[in-house]
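Peer 1: here is the input, now give the coordinates:
(chains A, B and C)
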Amino acid sequence: MLTRRSLIAAAGALALPGQACAQDQPDLRIGLAFEPSSVDPHFHNTTPNKSLARSVFEPLVFQDERQAVRPGLATGWRLIDPLTWEFVLRPGVRWHDGAAFGADDVLFTFERAPAVPRSPSSFAGFITGKTVEKVDDLTIRVRTAEPYPQMPIDLSTFGIVPASTRGATSDDYNTGKAAIGTGPFRFGEFVRGDRTLLLRNEDYWGGLPPWRRVLMRVLRSDPTRVASLLAGDVDLIETVPTADLARLRGDQRFSVTSIISNRVIYLAMDQFRDESPFIRGPAGETVRNPLKDVRVRRALSHAINRQALVDRAMEGDARPASQFLDASFFGASTTLGIPAFDAGLARRLLAEAGFPNGFRLKMHGPQGRYANDTKLIEAIAQMFTRIGIQTEIETLPPAIFFTRGSTGGPGNTPEFSMIMAGWGSAAGEMSDPLRNLAATFDATAGRGSSNRGRYANPAVDAAINTALATIDDTARSAGLARAMEQVADDMGIIPVLYPLNTWAARRGLGIAARSDEYTLPFHVTRQS
Amino acid sequence: MTDAAINAAEAALPAIPKEESPFTRFRKAFVEDKVAVAGLILFLIIVSLALLAPWITPQNPYDLRSVDIMDSRLPPGATMGEGFTSWLGTDGVGRDLYSGILYGLRISLMVGVLSGIIAASVGMAVGLTAAYAGGRVETVLMRIVDLQLSLPAVLIALILVAALGKGVDKIIFALVVVQWAYYARTVRGTALVERRKEYVEAAQSLGLSNARVVFRHIMPNCLAPVIVIITVQTAHAIALEATLSFLGVGLPQTEPSLGVLIANGFQYMLSGKYWISVFPGLALLLTIVSINLMGDRIRDVLNPRLEK
Amino acid sequence: MLAFILRRLGQATLVIGAMIVIVFFGVNVIGDPVYMLISPEMDQNAIEATKVALGLDKPIWEQFVYFVSGAVQGDLGRSFVHGEPAIKLILSRMPATMELALVALLMAIVIGLPLGVYAGLNPESRISKAIMAISILGFSLPTFWVGLMLIMFFSVMLGWLPATGRGDVVRVLGIETSLLSWQGWTFIALPALNLALLKISLVIRLARAGTREAALMDYVKFARAKGLAQSRIVGVHIMKNIMIPIVTVLGLEFGSLVAFSVVTETIFAWPGMGKLLLEAIQRLDRPVIVAYVMVVVVLFVVINLMVDVLYSILDPRVRLTEAKA
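Peer 2: Sure thing, here's the model as predicted:
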């Protein structure tokens, strides 16, 4: 009988002693919201992968919590001439297998990182156009054809791997065979889609982290992640859903930490078609594209009650935005103010532009790509409707949204009239969003690649180009800020808000919140 | 799978005996069970609420002019910005849940019933064709039915919707695809039994056309089992739609069915704002329970084997 | 028998072929996986480079031909996201799903059978009515909703069981299992119960119907008249009558358990292949979706075959032919 036999088997199984011993238990358990697709630090250029890699593999240049550059495996760097950067490597660093770290490893990494087979998103963009040479064991030089002030930032994006692992495949990293780094943690185990185990590197050059074994578990579903923290299955979770913030903040057993993110939620508007496919007149007739008129774009911006979005849709876990990055980041303008919420002004601007009765608009957005994305787009549509723009929304799965939003129209143009999307600046500085969101679309030059409204202003392009070639940091920062101010004046893209990055931990743990969303176990500390 | 296995799993559903007025007999037997009557009343209430939604709700949850983010996450009994009271509270974007649930019911019921009717029509057509045509046609059709039934509905629906994209039409299509085979198999079985009966032979010998025999004589006798399956499958379809929406591949946010409302409320489950997902969940539960209560009794009534 | 099995396999190949064509072209129509893979700050050149790296730059029919020629040689392609062979990814997740489905099946029998037999023997008692009401509830409650309720109650409020994950696994004969430690059972309890709920209701109903039917049979009446003990009547005569349908149905329902694990695995972060499928769908990871379809269809064909063969052994009246009616 199936029943009885199964029961006996089950009872027998229960009687076996547990195989896991107490000393092997992890002393820090982290619940991740996003799944790293590989341990290979050069396989996939995405936040979850880079966040995981950062504990095991270290880049030459570190980024601090707010993404300012700091010495990493390079102790310092300087420009030798406008086209050559010299990096001095950290002495006395050892790989997890005991070998010494040196210039050859860096050279090998420059060779490997852009050439990982089947990489879904390659690191080549950070390396192509740079030639690297060894000066001595602890000095390297990197040359470019044009002056390139973003060199330290670029070199902060990928971890260095040892030359001794030449020929290793991504699989070799995932099994641990080639997962040899210099970082505070050694590779323990990687079970795809489930967990990653990290073991403390007892010989770490930078001071030992307080955790011997760190278990990182993938808990993608928001309530599941919170439930795991509440139930004590994990000690710390990243990306706390805004819905649970109030509860966690009010609970003595937990602490919540947050920081402004490098991400902006924005609206991009069709500025390249004379008639826009998802815009009609108030009675459904075809009309000229109103979004080409700066007054209409300003009206839309003034129609948005950003504080209400922050308070209601984001439950306080965001800040109203006036530009692509919060003013505290490099290259951000310090003078731009949040556009005032003023429905009267918005209606007047619409009337001035020749749309006293508004128009009909269908707005598109992703569903489940950004925190509360559908709520935000619904709320924004409500606000547009209140100034006389009859707004409909359609939210799409991210894969479909980004395909159609980038190339869904005739001739591979962006399909939609208005979209809500987000931009996270991995570099943590203004050059990044300006180059991709605001610069005129130019596939060959690699500019404006995410400029899905095809906003174009030659003056902005010129300002960006000048700033990007300025070596002096202060002057470059000011130049970037000016370009941003010009975009804001055109209202080429409507910045809506900056989400916060939030972590929650059981009381007694502290974590350094990071604007780049990395969850780094060596930044978790015990607090009394 | 073998027919024997299916017959063992699910009691066979013979046609209603011809000698009595089937409907009267059915009605009498149905009302004997108080629970089933309660289910029927509950279901009728739910359907009328859904149908009357535009006239008995304070808000049209699809009209963005009447929804305000400032009203979001209000607890039950709160007063909304527009002055009316939200008896069941509001959701994350400021939709009054009472209004949202009633409108959501419309979509859920529509998806469930429409997919049931289409699937039943397709299934009956296939089943009757197979039974009447016989031979190779029958073999091929029934092979397809068997194959279809050997794969679980949720999986086919999931993969279909993944390949088709979101939308009410796509969901209905996916639900029809996963349901039609049940009808086809049952209708064929019943039709085969009917076909061998004397009255069909008599009709044929009278020189009636095949179509007439099928539609006037065989089909009506297959309706009883189809009705049983429709009740069961409607409940299934509603639950399946909710599940797909929960998994993020069902209906879009702009047309919130009960499933979408529950999925949206899912994120508030731990936050103490229980009403956002509990009330839509209860509405879904009551709907499915009411249908299942009726279905149970209908099955018992139309299945004389268990009668003493 | 052999001809029967061969014909079944032939049909399965047809299903797999049809499903793959639908998935392959369908996924391609709705979206371009590149936009889910690429880091957004990368430019058009990087997008093109990724397309070339993954073979997505070629026309879809060419990709399909390439896929089919690979599939014939047993190569289903590599996951766009993970870079690993899709089939390997799925097989590595399979034990977790199988384990979950098996435990759920076990729960369905252990919980459902006694309740159903009781309700069948005492159809008019209050307890039976309650059991049947609960079974209707079990049929009606949406799985995902119950899942979170279980976590809320048993993990968050009572703190008895872990909310998510699989716990430590032990390798036995190369297969990872969590059923060999007490801790493993605490982890599997809630997701398995969640998955089993529908099947418990099903078993209750089948057992009740079977028992009621059997209780009216002459041989049971005769046994009663002979004064046999109730336990013996139930244990031998009634069981014999209801076990065949229950075993059959559960065999077939095992497939549906595997399918429904998509929902349960998502809620309980159970690292099985259902979760993998859902993630692949969200990211348009076509090779994984296609490979999943193939693996699952094969699995189902095998299960159905086994049920049929087992059935013909249990009940000699059944012949393994493709008989109609």
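
Peer 1: what ranges do the helices span in the stretch 151-300 of chain C?
Peer 2: With DSSP state H, counting those that start in this stretch, the ranges of helices along the stretch 151-300 of chain C come out as C:182-215, C:218-225, C:230-232, C:239-268, C:273-282, C:286-314.

Peer 1: out of these, which one sits most buried?
Peer 2: Most buried of the helices of the stretch 151-300 of chain C, by mean neighbour count (mean count of other Cβ atoms under 10 Å in any protein chain shown): helix C:273-282, with a mean of 25. Bear in mind the C-beta positions are built from the backbone N, C-alpha and C, glycine included.

Peer 1: packing partners of that helix?
Peer 2: helix B:153-164, helix C:86-121, helix C:239-268, helix C:286-314 (3 or more Cβ pairs under 8 Å, 6 or more residues apart in numbering or on different chains; DSSP states H and E).

Peer 1: how about the second one, which residues are buried there?
Peer 2: Spelled out, it's helix C:86-121. C:86-87, C:89-90, C:92-121 (16 or more other Cβ atoms under 10 Å in any protein chain shown).

Peer 1: could you identify the helix or strand that succeeds it?
Peer 2: helix C:126-140 (DSSP states H and E).

Peer 1: hmm, who's touching that following helix?
Peer 2: Identification of contacts with helix C:126-140 by Cβ atoms under 8 Å, 6 or more residues apart in numbering or on different chains yields B:235, B:239, B:285, B:288-289, B:292-293, B:296, C:115-116, C:118-119, C:122, C:197-198, C:200-202, C:204-205, C:208.

Peer 1: let me know the average pLDDT across that helix.
Peer 2: Mean pLDDT, computed over helix C:126-140, is 86.

Peer 1: also stretch B:47-65?
Peer 2: The pLDDT scores in stretch B:47-65 average 90.

Peer 1: what is the burial count for whatever residue of the stretch 1-150 of chain C ends up closest to chain A?
Peer 2: Shortest the stretch 1-150 of chain C-to-chain A distance, computed as Cβ to the nearest Cβ: residue-wise this is C:Asp43, at 3.2 Å. The tally of other residues near C:Asp43 (other Cβ atoms under 10 Å in any protein chain shown) stands at 21.

Peer 1: distance check, it against A:Asn451.
Peer 2: Using Cβ to Cβ, to the nearest Å, C:Asp43 is found at 11 Å from A:Asn451.

Peer 1: hey, what's in contact with both of those two?
Peer 2: The contact sets of C:Asp43 and A:Asn451 overlap at A:Asn436 (Cβ under 8 Å, 6+ apart).

Peer 1: for the stretch 51-200 of chain B, which residues are neighbours of chain C?
Peer 2: Where proximity means Cβ under 8 Å from any Cβ of the partner chain, the interface of the stretch 51-200 of chain B facing chain C comprises B:138-139, B:142-143, B:147, B:150-155, B:158-160, B:162-165, B:189, B:192.

Peer 1: quick check: closest non-adjacent residue to B:Ile101.
Peer 2: Counting by Cβ to Cβ, 6 or more residues apart in numbering or on different chains, the nearest residue to B:Ile101 once its immediate chain neighbours are dropped is B:Ala283, at 4.9 Å.

Peer 1: correct me, but that neighbour touches B:Leu258?
Peer 2: Yes: the pair formed by B:Ala283 and B:Leu258 meets the contact definition of Cβ atoms under 8 Å, at 5.8 Å.

Peer 1: shared neighbours, the two?
Peer 2: Counting by Cβ under 8 Å, 6+ apart, the shared contacts of B:Ala283 and B:Leu258 are B:Ile101, B:Gly104, B:Leu105.

Peer 1: residue contacts, A:Ala115?
Peer 2: Residues in contact with A:Ala115, defined by Cβ under 8 Å, 6+ apart, are A:Ala124.

Peer 1: where's C:Phe171 relative to C:Thr177, distance?
Peer 2: To be clear, residue C:171 is Arg; Phe isn't right here. Looking at C:Arg171 against C:Thr177, where the rule is Cβ to Cβ, the gap reads 8 Å.

Peer 1: ok, the two, which is more surrounded?
Peer 2: Using other Cβ under 10 Å, the more surrounded residue of C:Arg171 and C:Thr177 is C:Thr177, with 20 against 11.

Peer 1: okay, now the unreliable bits of the stretch 1-150 of chain C?
Peer 2: Along the stretch 1-150 of chain C, segments meeting pLDDT under 70 span C:1, C:40-42.

Peer 1: excluding sequence neighbours, find me the nearest residue to the closest residue to chain B within it.
Peer 2: Across the stretch 1-150 of chain C, the shortest distance to chain B (Cβ to the nearest Cβ) belongs to C:Gly26, at 2.5 Å. Once flanking residues are discounted, C:Gly26 sits nearest to B:Ala163: 2.5 Å by Cβ to Cβ, 6+ apart.

Peer 1: A:Ile180 too?
Peer 2: Closest residue to A:Ile180 in three dimensions, ignoring its sequence neighbours and counting by Cβ to Cβ, 6+ apart: A:His96, at 4.8 Å.

Peer 1: wait, is the one you found part of a helix?
Peer 2: No: the assignment for A:His96, made by DSSP: H, G, I helix; E, B strand; the rest coil, is coil rather than a helix.

Peer 1: please enumerate the helices of the stretch 101-250 of chain B.
Peer 2: The residue ranges that make up the helices of the stretch 101-250 of chain B, judged by DSSP H, counting those that start in this stretch, are B:135-150, B:153-164, B:168-195, B:198-205, B:210-212, B:219-246.

Peer 1: ok, which of those helices comes nearest A:Phe158?
Peer 2: Closest to A:Phe158 of the helices of the stretch 101-250 of chain B is helix B:153-164 (Cβ to Cβ; 33.4 Å).

Peer 1: what's the angle between that closest one and helix C:239-268?
Peer 2: In terms of direction (axes from the mean of the first three to the mean of the last three Cα atoms, to 10 degrees), helix B:153-164 departs from helix C:239-268 by 40 degrees.
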